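> I'll drop the sequence and a predicted model, then ask my questions.
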Amino acid sequence: MPLNESFLQELKYKTDIEDIVSTYVSLRKRGNTSVGLCPFHNEKTPSFTVYNDTQSFYCFGCGAGGDAIGFIKKIENLDYIDAVKLLAERAGMQMPQDGFDDSISKKRRRILQINREAAKFFHSYLMSPQGKTGYDYFINRGLTPKTIVKFGLGYAPDSWDSLLKHLKSLGYGIGEMVDAGVVKVGRNNNYYDTFKNRVMTPIIDVRGNVIAFGGRVLDDSKPKYVNTSDTLVYKKTNELFALNFAKDSGKDSLILCEGYMDVISMHQAGFNNAVAGCGTALTSEQVRLINRYAKEVILAYDADEAGQKAVHKAMELFKSTDVKIRVPRFTGGKDPDEIIKKLGRDKFKGMLEGASNDTEFSLLEIREKYDLETTQGKIDFVRDALKIIATLQPVEQDLYLTRISSELSIEKSSLKLQLQSLIKNNHRRESKNHFKTIVNDYTRNVTREAYDTGVPHKQTKAENRLLTLLMVYPDCSKLLNDFDSNMLSDGFVKKAYSAILNRINDGLELNLMSFGDTFTDNEYSRLARLINNDCESNDSKAEFNDCLKIIEEEYNKKNSSSPSNMSEDEFRNLFSHLNK
């Protein structure tokens with residue numbers, strides 16, 4: 001059963017999509033709409049639009065769209081009910097106690113409960129005499145008992161089923177344990193603990209839920225690390241370790257590290273805004289998450305070659321955000337954990353404070369590639385340096401040109417001419433590529449259904465327009481008369497047509513939120529695109545009749561070759577030819 005109508009309507013009136021979206025995306029007013037960089041894919045030019053009049057959003061780049069519930073579902077990785085709960089809590093509303101199918105939410109809650117019990121089990125075992133091996137490991141790594149407790153660190157026993165038996169004694173089913181990722185299914189359909197003889201780090205989300213675990217061996221056995229696979233409550237590409245602490249640090253910056261131990265050591269040393277990815281390279285989803293919590297990020301990656309490659313990848317990912325990048329140059333150790341232990345907190349703090357911005361870091365790397373005592377070295381350096389400077393704001397460009405001119409004894413006017421030529425070429429190429437991308441994406445989104453089903457574009461266009469007019473001008477439904485919805489060729493259009501018509505016939509309000517969980521995320525995206533794409537009409541009823549006419553004509557064309565649509569004389573003539 002869906003959520004009751006009155007609750008959804010009250011939630012709609014108390015929820016403003018621009019307020020919701022603006023907590024995650026920097027929006028800029030453009031008439032009755034607001035635009036910004038899409039939080040669901042990387043882009044340099046804003047194609048993400050929020051429509052206040054329809055309380056919806058749509059991205060012309062990736063095709064994401066929907067209402068406030070759909071936005072929260074996607075950006076917070078929640079199911080429908082949990083997204084509604086979050087919005088209701090924000091609006092100061094109580095969720096109804098009945099009237100909806102909460103099976104997925106119940107499953108999520110059970111997984112979170114299992115994870116919490118597993119975390120307690122691992123931590124208790126670590127603090128017991130049997131867990132001394134794991135406890136000594138953490139102490140030898142320089143962690144204090146207070147830090148061990150703060151992060152809920154634990155130890156998984158050297159047993160195949162200790163956790164399984166413990167959770168079973170608490171009333172949890174084996175299937176639920178498998179869903180949570182703490183128990184695995186063997187080749188012979190036997191069940192065993194995912195984590196065995198490992199020190200354990202729980203991963204906790206910003207709401208305080210234990211959503212996953214990372215386990216590390218204490219010897220040289222393989223695999224060295226085992227992490228929870230993706231579950232209903234956890235997607236590793238979307239999460240950041242220790243963000244639950246860092247978000248409350250009072251700072252507007254985050255220190256991004258590679259490993260859990262780096263983060264834990266930094267928090268212990270007082271750098272309580274440190275975070276790390278969850279066993280993967282930095283992802284665009286994590287970058288967008290950082291963008292919500294910080295104005296600046298310090299890339300405290302390892303000093304080795306792999307770490308420096310990761311720095312460059314991160315810098316590229318952050319280009320699509322407003323986050324400022326700073327990169328420290330580490331000496332005296334391979335990673336933050338080792339540097340803090342060897343040189344102390346103050347030395348490490350000095351390295352962080354001396355971190356270069358991303359431009360300075362890149363220019364320094366280029367400088368180290370070339371011999372600036374030679375003419376060719378200067379030419380090569382200027383060529384590569386201007387590529388970076390071309391991406392900056394005019395004031396920044398001027399400052400860097402002045403510096404390079406002074407350091408290399410090159411006329412600033414010459415550098416400026418070369419820079420302007422480069423920028424002009426870049427703009428021409430980017431404008432062409434962006435326009436081409438937007439047109440291709442939009443065309444693909446609009447006509448994909450036609451190509452997939454072989455339905456003529458004319459009919460697809462008419463069916464889409466029919467839905468738009470029904471949503472925006474419900475009175476058009478009076479023109480349907482004996483219209484047969486079986487003439488609609490698109491399955492989604494049939495589904496949406498039926499849902500819209502039912503609400504019109506019941507005298508209910510039409511808006512995306514009112515449909516509840518009737519549609520999938522992709523279907524909501526398509527609806528959002530339709531109702532926001534040239535939705536106004538000078539003569540809605542005439543246009544609606546035209547759509548009906550086109551749909552009927554195309555339907556009849558498609559079915560005209562069928563013997564059942566032939567006249568008796570035509571059928572006899574065909575039959576006589578077949579028998580000659």
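Looks like it came in fine.

> Please make it C-alpha for all contacts and neighbour counts, starting now.
Will do.

> shaky segments in the protein?
Along the chain, segments meeting pLDDT under 70 span 1-2, 97-102, 429-456, 534-535, 560-580.

> And it, what are its domain boundaries?
5-91, 103-234, 243-354, 370-427, 457-564 (automatic domain parsing).

> Now render these as CSV, adding mean neighbour count and distance to E360.
Shown next, in CSV, are those (neighbours: other CA atoms under 10 Å; distance: least, CA to CA, whole Å):
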stretch, mean neighbour count, distance to E360
domain 5-91, 19, 21
domain 103-234, 18, 33
domain 243-354, 19, 9
domain 370-427, 15, 9
domain 457-564, 17, 41
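
> Save those domains as JSON lines, and put in distance to L364 too.
Output for the domains of the chain, formatted as JSON lines (distance: least, CA to CA, whole Å):
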{"stretch": "domain 5-91", "distance to L364": "25"}
{"stretch": "domain 103-234", "distance to L364": "34"}
{"stretch": "domain 243-354", "distance to L364": "11"}
{"stretch": "domain 370-427", "distance to L364": "10"}
{"stretch": "domain 457-564", "distance to L364": "45"}
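
> I'd assumed A294 was in contact with I325.
No - shown here, I325 and A294 do not form a contact pair, counting by CA atoms under 8 Å, at 10.7 Å.

> so what does the helix or strand K85 falls within touch, helix or strand wise?
Using DSSP states H and E, K85 maps to helix 80-91. When contacts are defined as 3 or more CA pairs under 8 Å, 6 or more residues apart in numbering; DSSP states H and E, helix 80-91 sits against helix 5-14, helix 68-76.

> could I get those as CSV with distance to S405?
Listed next are the helices and strands packed on helix 80-91 as CSV, based on distance: least, CA to CA, whole Å:
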stretch, distance to S405
helix 5-14, 57
helix 68-76, 46
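
> between the ones you listed, which one is nearest to V472?
The closest of those to V472 is helix 5-14. By CA to CA, the value is 17.2 Å.

> quick one, that closest one and helix 68-76 angle?
Helix 5-14 runs at 70 degrees relative to helix 68-76, counting by axes from the mean of the first three to the mean of the last three CA atoms, to 10 degrees.

> who's in contact with helix 5-14?
L87, A88, A91, M93, P96, M513, S514, G516 (CA atoms under 8 Å, 6 or more residues apart in numbering).

> which among these gets closest to K478?
S514 (21.4 Å).

> Contacts only, for that closest one.
Residues near S514 by CA under 8 Å, 6+ apart: E5, L8, Q9.

> Could you do L126 as well?
Counting by CA under 8 Å, 6+ apart, L126 makes contact with K132, G134, Y135, L153, G154, Y155, A156.

> Surely it is within a strand?
No - per DSSP: H, G, I helix; E, B strand; the rest coil, L126 lies outside any strand segment and is helix.

> for the domains of the chain, which one sits closest to S362?
So among the domains of the chain, domain 370-427 is nearest, using CA to CA, at 7.8 Å.

> now for the closest one, what's the gap between its first and last residues?
Domain 370-427 stretches 28 Å from its first residue to its last (CA to CA, to the nearest Å).

> and it, how far from the chain's centre?
Centre-to-centre, domain 370-427 and its host chain are 36 Å apart (CA atoms, centre = their mean, to the nearest Å).

> swap in stretch 275-284?
13 Å.

> ditto for stretch 37-48
Worked out by CA atoms, centre = their mean, stretch 37-48 lies 11 Å from the chain centre.

> which one of the contacts of S514 sits closest to N556?
Of all the contacts of S514, E5 has the smallest distance to N556: 38.9 Å, by CA to CA.

> residue ranges for the helices of the stretch 201-350 of the chain, please.
Assigned by DSSP state H, counting those that start in this stretch, the stretch 201-350 of the chain shows helices spanning 243-246, 260-268, 284-293, 305-318, 336-343, 345-353.

> Then the stretch 401-550 of the chain?
Here the stretch 401-550 of the chain has its helices, by DSSP H, counting those that start in this stretch, at 412-453, 457-472, 491-505, 521-532, 540-559.

> Output the last one in PDB with nothing but the alpha carbons.
Just to be clear, that refers to helix 540-559. What follows is helix 540-559, C-alpha atoms only, in PDB (Å, rounded to 0.1, in the frame of the first residue of the first chain):
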ATOM      1  CA  SER A 540      -3.700  22.800 -25.100                       C
ATOM      2  CA  LYS A 541      -7.000  21.200 -26.300                       C
ATOM      3  CA  ALA A 542      -6.200  21.600 -30.000                       C
ATOM      4  CA  GLU A 543      -2.700  20.200 -29.400                       C
ATOM      5  CA  PHE A 544      -4.100  17.400 -27.300                       C
ATOM      6  CA  ASN A 545      -6.500  16.400 -30.100                       C
ATOM      7  CA  ASP A 546      -3.600  16.500 -32.600                       C
ATOM      8  CA  CYS A 547      -1.700  14.000 -30.400                       C
ATOM      9  CA  LEU A 548      -4.600  11.700 -30.200                       C
ATOM     10  CA  LYS A 549      -5.000  11.900 -34.000                       C
ATOM     11  CA  ILE A 550      -1.300  11.100 -34.600                       C
ATOM     12  CA  ILE A 551      -1.400   8.200 -32.100                       C
ATOM     13  CA  GLU A 552      -4.500   6.700 -33.800                       C
ATOM     14  CA  GLU A 553      -3.100   7.200 -37.300                       C
ATOM     15  CA  GLU A 554       0.200   5.500 -36.400                       C
ATOM     16  CA  TYR A 555      -1.600   2.700 -34.700                       C
ATOM     17  CA  ASN A 556      -3.800   2.100 -37.700                       C
ATOM     18  CA  LYS A 557      -0.800   2.200 -40.000                       C
ATOM     19  CA  LYS A 558       1.000  -0.400 -38.000                       C
ATOM     20  CA  ASN A 559      -2.000  -2.700 -38.000                       C
END
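
> what sits up against it?
458-459, 462-463, 465-466, 469, 473, 476, 479, 483, 487-488, 537, 565.

> One more pass at 7 Å, please.
Helix 540-559 has contacts (CA atoms under 7 Å, 6 or more residues apart in numbering) with Q459, A462, E463, L466, L469, C476, M487.

> Of those residues, which is the nearest to V182?
So of the contacts of helix 540-559, ranked by how close each gets to V182 (CA to CA), first place is E463, at 48.1 Å.

> centroid residue for the chain?
E285 (4.3 Å; CA atoms, centre = their mean).

> That one and R90, how far apart?
The gap separating E285 from R90 is 23 Å, by CA to CA.

> likewise T49?
22 Å.

> What of I264?
In this view, I264 and R90 are 32 Å apart by CA to CA.

> for C257, same thing?
32 Å.

> can you check K495 too?
For K495, the distance to R90 (CA to CA) stands at 31 Å.

> D484 now?
Between D484 and R90 the distance is 43 Å, computed by CA to CA.

> before we move on, what about S362?
For S362 relative to R90 (CA to CA), the value is 42 Å.

> now R109
Using CA to CA, one gets 20 Å for the distance from R109 to R90.

> ok, now W160?
From W160 to R90 the distance is 44 Å (CA to CA).

> And V206, by the same measure?
16 Å.

> related to what we said a few turns ago, Throw the contacts of helix 5-14 into JSON lines and include distance to Q418, thanks.
Formatted as JSON lines, the contacts of helix 5-14 follow (distance: CA to CA, whole Å):
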{"residue": "L87", "distance to Q418": "52"}
{"residue": "A88", "distance to Q418": "56"}
{"residue": "A91", "distance to Q418": "55"}
{"residue": "M93", "distance to Q418": "60"}
{"residue": "P96", "distance to Q418": "65"}
{"residue": "M513", "distance to Q418": "53"}
{"residue": "S514", "distance to Q418": "57"}
{"residue": "G516", "distance to Q418": "56"}
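
> which strands and helices sit next to the one helix or strand E360 maps to?
Using DSSP H and E, E360 sits within helix 358-369. With contacts taken as 3 or more CA pairs under 7 Å, 6 or more residues apart in numbering; DSSP states H and E, helix 358-369 sits against strand 324-327, helix 375-389.
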